[in-house]
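Chemist: Here is the input, now give the coordinates:
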Amino acid sequence: MTTPSAAVGASTALIARQAIVNSEKSVIGYELFNRSRAPAEHTAASDVLLVFTAMTHAGTEDIMGDKLLFVNCTHESLAGGHLELLDPSKIVLEIQDLGHSASAEAHLRLPMLETLKQRGFKLSFGHFVLDSVYAGWLALANYIKLDLTVLPRDQWLVLIQYAQKHSTAQLIAAKMETVEQFELLQQMGIKLFQGFWFARPSVFEAKILAPRQTSLVELITLLRRQASTDELEEVLKKDAGLAFNLLRLINSASFGMQREVTSFRQAVLIMGLKKLFRWAALLLAATKYANTPPSLGQTAVVRGRLMELLAEEFLSEEEADMAFVTGIFSLLDLMLSIPTADALQLIHAPEPIRQALLHQVGPLADLLTLAKACENNNDSVFDEAAEKLGLTNQQINWAHLRALAWSDQVNG
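Modeler: This next block holds a predicted model:
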C-alpha cells in the first residue's frame with residue numbers, strides 16, 4: 001500500500017469520523033476530528049486538517065470523493081497556508097466560539113471569515129452563532145449545528161424557528177441519540193442530522209428479507225458452498241437486476257479491472273468463487289433497501305475497506321479479503337433484521353469470520369474493534385486495538401481516508 005512518507009509523521013493526529021446524514025439517512029458528509037493518542041502534543045482539532053492536506057497531496061487518488069468534509073478549526077489555524085492546497089468546494093470549516101471574549105473580538109475575526117467564504121469555503125457554527133454578539137458571523141453561516149446534549153428540549157423549536165428566520169444556513173441536529181429525537185426534529189423542520197445512532201440504529205423487528213436480499217443471500221450461500229457455475233447462474237436468471245448490479249460493481253473503477261467482465265460465467269473464470277463471494281457481500285451492503293437506512297450500508301462498506309487496507313499491512317491477501325467481508329458482515333444483523341448468529345449460519349460464513357463476529361477472537365476481531373473505534377469516541381479501546389495490531393497513526397489515517405473515498409465510489 002502506498003502511504004505518504006515525510007508529509008505525515010508517526011506523531012500525527014489520529015483521525016476519527018462521524019457521518020452527517022439527510023432525512024433519508026443518506027450520508028452527505030463526514031465530520032473529521034482529532035483523537036490523537038498524544039493529546040498534549042495535539043491540542044487543536046484542526047491538526048486533522050493538516051494531516052488531511054498532506055495526505056491529499058501525497059497520492060493520486062481523490063481522497064475526498066463526493067462527500068463534504070466538516071473539519072474543526074481553531075481561529076489561529078484559519079490563517080494557515082495549508083488551506084491554499086485544498087479544494088474549498090468540498091470543505092466545511094467548523095468555527096469555534098470565542099467564549100467570554102466574544103463581545104470584544106467577534107468583529108475582529110469577521111474579515112478572516114469573510115475572506116474564507118469568498119474563497120469558496122463553507123462555514124459551520126455551533127448554535128452560539130444565534131447570539132446577537134455574533135450577528136456578523138450568522139450572515140456567513142452555511143450550516144448551524146444544534147447540540148442536543150446541551151440544549152433543553154423545550155428550546156429546540158424556538159431556536160430552529162429563529163435560525164430559519166434570521167439566516168439561510170442549513171441546520172444540523174448534532175449528537176442525536178434516538179429515533180424519537182430524529183422523528184421529532186424532522187417535524188420541526190430539521191433536514192440534516194449527526195450522531196453515533198446512525199452508525200448503529202435500532203434493530204428492526206421485521207424478519208422477512210426484501211426480495212433482492214433473498215437473492216443475494218442465496219447467491220452468497222452458493223458461493224460459499226463452491227456451487228457449480230450453472231447453479232449460480234440459475235439464481236441470477238431469476239433476478240436480472242442482481243446480475244446487472246453485480247457486473248456493474250465488478251467493472252466499476254473502484255476495482256481496477258484490466259478488462260470488462262461481460263458475463264457472470266466470465267467473472268467466475270477470471271476471479272474465482274472466493275472473490276465473487278467478497279463482491280456479493282459488498283453488493284449486499286451497497287444496495288439500498290426499504291427497511292434499512294443508506295447510512296448503514298455506507299458504514300459497513302467503510303468498515304470493510306478500512307479493515308482490508310489495514311490487514312494488507314500484516315496478513316495474506318486471502319486474510320485481507322476475509323477482513324473486508326468481516327467488516328461488511330459486522331452489520332449483517334441490521335441489514336437482514338435477524339440475529340448475527342442466524343445470519344452467519346444462513347450464509348455459511350467462513351470460520352475465522354464467525355469467530356471474529358460471534359466470539360471476538362483473532363486478528364479479524366481486533367481489526368473490527370479498531371474500525372468501530374474510528375466511528376466513536378472510545379479512545380481507550382482505539383489505543384488498545386491499534387497497539388495490539390502494531391499499527392501506526394500514519395497507517396490508520398491513510399487507510400481511513402482511502403476507505404472513505406473508496407466507499408464513496410462504490411455507493412455513488
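Chemist: Would you mind measuring from A106 to Y30?
Modeler: 28 Å (Cβ to Cβ, to the nearest Å). Placement of C-beta: from N, CA and C, glycine included.
Chemist: again with R303
Modeler: 14 Å.
Chemist: Out of those two, name the residue with the larger neighbour count.
Modeler: Legend: neighbour count by other Cβ atoms under 10 Å for R303 and Y30, higher for R303 (29 against 25).
Chemist: quick one, what contacts the spatially closest residue to A320 that is not a sequence neighbour?
Modeler: Leaving out its chain neighbours, the residue that sits closest to A320 by Cβ to Cβ, 6 or more residues apart in numbering is A311, at 4.1 Å. Counting by Cβ atoms under 8 Å, 6 or more residues apart in numbering, A311 touches E319, A320, A323, F324, P363, L364, L367.
Chemist: Any stretches of the protein with poor pLDDT?
Modeler: 1-14, 35-65, 80-81, 199-210, 253-258, 289-291, 411-412 (pLDDT under 70).
Chemist: Could you break it into its assigned domains?
Modeler: 15-199, 211-411 (automatic domain parsing).
Chemist: So which of those domains is the most surrounded?
Modeler: Ranked by mean neighbour count, the domains of the chain are led by domain 211-411 with a mean of 19 (mean count of other Cβ atoms under 10 Å).
Chemist: Show me what the lengthiest helix in the chain is in contact with.
Modeler: What stands out as the longest helix in the chain, according to DSSP state H, is helix 264-286. Contact with helix 264-286 is made by 213, 216-217, 219-220, 223-224, 226, 229, 232-233, 236, 242-243, 245-247, 249-250, 255, 261, 297, 300-301, 304, 318, 321, 324-325, 328-329, 331, 335, 410-411, as judged by Cβ under 8 Å, 6+ apart.
Chemist: Next step: the residues you listed restricted to helices.
Modeler: Applying DSSP H to the contacts of helix 264-286, the entries found in helices are 213, 216-217, 219-220, 223-224, 229, 232-233, 236, 242-243, 245-247, 249-250, 297, 300-301, 304, 318, 321, 324-325, 328-329, 335, 410-411.
Chemist: Just after the strand or helix carrying E180, pick out the following helix or strand.
Modeler: Element membership for E180 (DSSP states H and E) is helix 179-187. Sequence order places strand 192-194 as the next helix or strand after helix 179-187, per DSSP H and E.
Chemist: Could you please name the strands that next one pairs with and the direction of each pair?
Modeler: Next to strand 192-194 in the sheet, as set by DSSP bridges, lie strand 15-22 (antiparallel), strand 170-174 (parallel).
Chemist: closest to S101 out of the ones you listed?
Modeler: Comparison of the strands paired with strand 192-194 against S101 by Cβ to Cβ identifies strand 170-174 as nearest, at 23.8 Å.
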